[in-house]
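Trainee: model this:
(one chain, ligands or ions: 1)
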Amino acid sequence: MEEQLFGLCGMNCNICEGYLAVKYDVNRQGLKARYCTGCRARKGKPCAFVKKCKFLTEGEVKYCFECNGFPCGHLQQLDKRYRTYYHMSMIENFKYIKEHGLNRFLEKEEEKWKCPQCGGVISCHNGICYSCGIDELKAVEKVRLWTKGNKSSSVMEMKEDKNGQ
Ligand SMILES: [Zn+2]
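Mentor: Here you go, the predicted structure:
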């Protein structure tokens, strides 16, 4: 997995639905996904999370875990949402990286999120492989239309992201 795609907040953008949507260009296959090229590629257009933190926006720290306030309430909130719905934790990611380094973290992630069918990457946001799971993705998108207020889906996140821009 690419190091450039490890986010400032501890998110591994390699497994994010927004990044995987770009990587596999799923909208060309009939989906209406939100595209994101990854947190470090969005310079000048930070996500809702980064925007709220002056240490990150002003470049005083490169990653949240380098901050004196780590983990701040802001990050803990995000972390809780990811632990609850998306099978991962930014804070745990940082703890691992502190001990073993970013390279080993990315190796471990590659194994963790590898699709057993095709070897592609599974997204933490929906558990779907973006390489062989296009039909599954289309089904999920349809379901979303009928489940308004389903906070476990990424609909909430999309809203948040829009507000943040
Ligand atoms: Zn697959």
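
Trainee: count of neighbours near E3?
Mentor: Per other CB atoms under 10 Å, the neighbour tally for E3 reads 11. Glycine gets a C-beta too; all of them are placed from N, C-alpha and C.

Trainee: Quick check: it touching F105?
Mentor: No - applying CB atoms under 8 Å, one finds E3 not in contact with F105, separated by 9.6 Å.

Trainee: Counting neighbours, what do you get for G133?
Mentor: A count of nearby residues for G133, using other CB under 10 Å, gives 22.

Trainee: I should have written E99 there, sorry.
Mentor: Neighbours of E99 (other CB under 10 Å): 9.

Trainee: how far out from the middle of the chain is the helix or strand that contains it?
Mentor: Here E99, judged by DSSP states H and E, is contained in helix 90-100. Its chain's C-alpha centre and that of helix 90-100 lie 16 Å apart, by CA atoms, centre = their mean, to the nearest Å.

Trainee: Ok, stretch 106-115 next?
Mentor: 14 Å.

Trainee: Which residues does it contact?
Mentor: By CB atoms under 8 Å, 6 or more residues apart in numbering, the residues outside stretch 106-115 that reach it are 1-3, 6, 12, 14-15, 96, 120-124, 129, 131-133.

Trainee: returning to what we had before: can you list contacts of the helix holding E99?
Mentor: By CB under 8 Å, 6+ apart, helix 90-100 touches 9-12, 63-65, 70-71, 75-76, 78-79, 82, 104-105, 108.

Trainee: which residues touch C72?
Mentor: 53, 64.

Trainee: What separation do you get for it and the ion?
Mentor: Distance of C72 to the ion, computed by CB to the ion, to the nearest Å: 36 Å.

Trainee: same question, L106
Mentor: With CB to the ion as the criterion, L106 and the ion are 19 Å apart.

Trainee: what does F94 give?
Mentor: On the measure of CB to the ion, F94 and the ion end up 28 Å apart.

Trainee: Which ones among the contacts of stretch 106-115 also lie next to the ion?
Mentor: Residues of the contacts of stretch 106-115 in contact with the ion (CB under 5 Å from the ion): 120, 129, 131-132.

Trainee: give me the number of residues near the residue nearest to E2 when sequence neighbours are not counted?
Mentor: Spatial nearest neighbour of E2, excluding adjacent residues (CB to CB, 6 or more residues apart in numbering): N14 at 6.4 Å. When neighbours are defined as other CB under 10 Å, N14 has 23 of them.
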